[in-house]
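Colleague: any chance you could fold what I've pasted below:
(one chain, ligands or ions: 3)
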Amino acid sequence: MEMYNKPPKKQWKELTRRPGFEKNQLSSLVYDILNEVKSYGNAALQKYSEQFDKVSINDLLVSEKEMEIAESEVSEALKSAIKLAKNNIEKFHASQQNSEEKIETTSGVFCWRKAVAIEKVGLYIPGGSAPLFSTILMLGIPAILAGCKEIVLCTPPNVKGNIHPAIRYTASLIGISKIFKVGGAQAIAAMAYGTETIPQVYKIFGPGNQYVTKAKELIQQSGTAIDMPAGPSEVLVIADKTGIPSFIASDLLSQAEHGADSQVILLSNDQRIIDETLSEVQKQLNQLPRKNTAEKALENSKAILLESMEACMEFSNLYAPEHLILASESASGLSEKVINAGSVFLGNYSCESAGDYASGTNHTLPTNGYARNYSGVSLESFQKKISFQELSKEGLKNIGPAIELMAEAEQLIAHKNAVSIRLKSINDV
Ligand SMILES: NC(=O)c1ccc[n+]([C@@H]2O[C@H](COP(=O)([O-])OP(=O)(O)OC[C@H]3O[C@@H](n4cnc5c(N)ncnc54)[C@H](O)[C@@H]3O)[C@@H](O)[C@H]2O)c1
Ligand SMILES: N[C@H](CO)Cc1c[nH]c[nH+]1
Ligand SMILES: [Zn+2]
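Modeller: Numbers count the residues shown, from 1 in each chain. Ligands and ions are numbered 1, 2, ... in the order given. From the prediction side, this is the model:
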């Protein structure tokens, strides 16, 4: 991790930069993948699976048999853990159902909104470097609670052409059966355009690496909606002298181990906390099976000493982290100052892994500064809000003259007439 000692404010913007690929190079590669899948369907999926995943797949759909045997392939302990997480995620997302209150804006004029599920949705479950079955809970549970009719799931197979048992088990536990063995940008293209085997959907959800995220960005031009740009994981920890260095180090490493392109940031107003955390990071790093990945991510990462906790909060809001941990006994007060963040963890015992798996909040969150203008996935992400209105004769009499005047001022006389013809019929009776 690179160290910065009270950098001047004019340097802050530069310090919020995420690591990344050469943008143009990535765009043109992903653009080619999208076009090939659009033109050649399954044949293109097979070609790219061989090229990028080193696997030859004849049957893209996970069979009923593969789904059935998943139950016996997952340990009882893991099944119980998944059920505990499912329960909390269901509780939190069910509480997001919003009321559909009718508002009378003027006497006789009623307006309301109704949440209606998006009929066809696609879920991308990352699997390149780790089988993220927890992401099925995060996407599948709100999709089912919202009432989406068709749920399609794509995830990359391993080199033997298999999908991890925990992915099959979790999908089947929550009632998802259409699972396709394809990953990367080609999976996003398949769900956006449809292929001979994979149904086309209206909105695509889920995190992924740079290829997946770029593909989601580009397919929006074809009219497919996406949840948000949810790319390489990141965490920013703000710690004062009441933070606990070994805990902070474990949180930094928990996101660093996701991928070489992850980024973790430590901000503090206390040099001792920074020094002790960095030495803890080195100690804990050596115990990790994914040491090499985490080490690479740490090369993109920073520890920054700032003047005060206020300055730390200001920097964090500029950075707009996917995850923000407030490692301080004053976390509650500090949390009031959060403006840009995907998900916030308060105090020394709220580790980021809790939100990744089982507290109930959603772990599909905006990265790369997008927490400035996007929220994480929620029940609402799977719904559209349709607005309704109903005017009585009295209602139209009350607001009709204003509409006529405004329409005339915009020189849209047919608009005016739609009101006038009705007012006349009311007055004629
Ligand atoms: N923001 C969030 O909410 C969130 C949540 C979970 C995970 N994540 C992130 O998701 C990512 C998962 O990445 P992953 O790689 O493990 O899995 P992935 O499933 O996103 O990507 C794997 C796919 O990438 C494609 N690919 C690999 N190399 C390629 C190349 N050179 N060119 C084109 N395509 C290529 C392959 O087809 C492969 O199937 C991590 O970066 C993790 O940090 C983010
Ligand atoms: N931290 C990831 C979101 O950035 C989510 C995840 C899944 N499994 C473990 N972690
Ligand atoms: Zn994680």
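Colleague: quick check: what element follows the lowest-mean-pLDDT helix or strand in the chain along the chain?
Modeller: Among the secondary structure pieces of the chain, namely its helices and strands, helix 23-40 has the lowest mean (mean pLDDT, DSSP states H and E), a mean of 89. As assigned by DSSP states H and E, the chain's next helix or strand after helix 23-40 is helix 42-53.
Colleague: still on that earlier bit, identify the residues contacting the least confident helix or strand of the chain?
Modeller: Under the contact criterion CB atoms under 8 Å, 6 or more residues apart in numbering, helix 23-40 has outside partners 44-45, 47-48, 184-186, 188-190, 192-193, 195, 210-211, 214-215, 218-219. (Glycine included, C-beta is placed from N, CA and C.)
Colleague: and those, which of them are in helices?
Modeller: Applying DSSP state H to the contacts of helix 23-40, the entries found in helices are 44-45, 47-48, 184-186, 188-190, 192-193, 210-211, 214-215, 218-219.
Colleague: just the buried residues from these, in ChimeraX please.
Modeller: This is how ChimeraX selects the buried members of the ones in helices among the contacts of helix 23-40, with burial counted by 16 or more other CB atoms under 10 Å:
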select :44,45,48,184,185,186,188,189,190,192,193,210,211,214,215,218,219
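Colleague: what separation do you get for the closest residue in space to residue 248 that isn't next to it in sequence and ligand 1?
Modeller: The shortest distance from residue 248 to any residue other than its chain neighbours is 4.8 Å, reached at residue 277 (CB to CB, 6 or more residues apart in numbering). Distance from residue 277 to ligand 1, counting by CB to the nearest ligand atom, to the nearest Å: 21 Å.
Colleague: can you classify residue 277 by secondary structure?
Modeller: helix (DSSP: H, G, I helix; E, B strand; the rest coil).
Colleague: residue contacts, it?
Modeller: 239, 243, 245, 248, 249, 252, 266, 268, 303.
Colleague: I figured residue 392 hits residue 108, correct?
Modeller: Yes - Residue 392 is in contact with residue 108 according to CB atoms under 8 Å; the separation is 4.0 Å.
Colleague: who's more crowded, these two?
Modeller: A direct count of neighbours by other CB atoms under 10 Å for residue 392 and residue 108 places residue 108 higher, at 16 against 12.
Colleague: need the pLDDT of the nearest residue to that one once chain neighbours are set aside.
Modeller: For residue 108, the nearest residue in space outside its immediate sequence neighbours is residue 395; the separation is 2.8 Å by CB to CB, 6+ apart. At residue 395, the model reports a pLDDT of 98.
Colleague: residue 395 and ligand 1: what is the separation?
Modeller: Applying CB to the nearest ligand atom to residue 395 and ligand 1 gives a distance of 45 Å.
Colleague: my read is that residue is in a helix, agree?
Modeller: Yes - per three-state DSSP, residue 395 lies within a helix segment.
Colleague: what number of residues lie near it?
Modeller: Residue 395 is flanked by 18 other residues according to other CB under 10 Å.
Colleague: please give me every residue in contact with it.
Modeller: Contacts here follow CB under 8 Å, 6+ apart; on that basis residue 395 touches 106, 107, 108, 109, 110.
Colleague: ok, so of the residues you listed, who is nearest ligand 1?
Modeller: Of all these, the one sitting nearest ligand 1 is residue 110; the distance, using CB to the nearest ligand atom, is 39.5 Å.
Colleague: sheet partners, orientation included, of the helix or strand hosting that closest one?
Modeller: In the assignment (DSSP H and E), residue 110 maps to strand 109-117. Based on DSSP bridges, the strands next to strand 109-117 in the sheet, each with its direction, are strand 103-106 (antiparallel), strand 383-391 (antiparallel).
Colleague: so what's the residue count around residue 220?
Modeller: Residues near residue 220, counting by other CB under 10 Å, number 12.
Colleague: what pLDDT does the residue nearest to it when sequence neighbours are not counted get?
Modeller: Leaving out its chain neighbours, the residue that sits closest to residue 220 by CB to CB, 6+ apart is residue 226, at 5.9 Å. Each residue has a pLDDT score; the one for residue 226 is 97.
Colleague: before we move on, the earlier item: what subset of the ones in helices among the contacts of helix 23-40 is also close to ligand 1?
Modeller: With respect to ligand 1, and counting by CB under 6 Å from any ligand atom, the subset of the ones in helices among the contacts of helix 23-40 in contact is 184, 185, 211.
Colleague: done for today, thanks.
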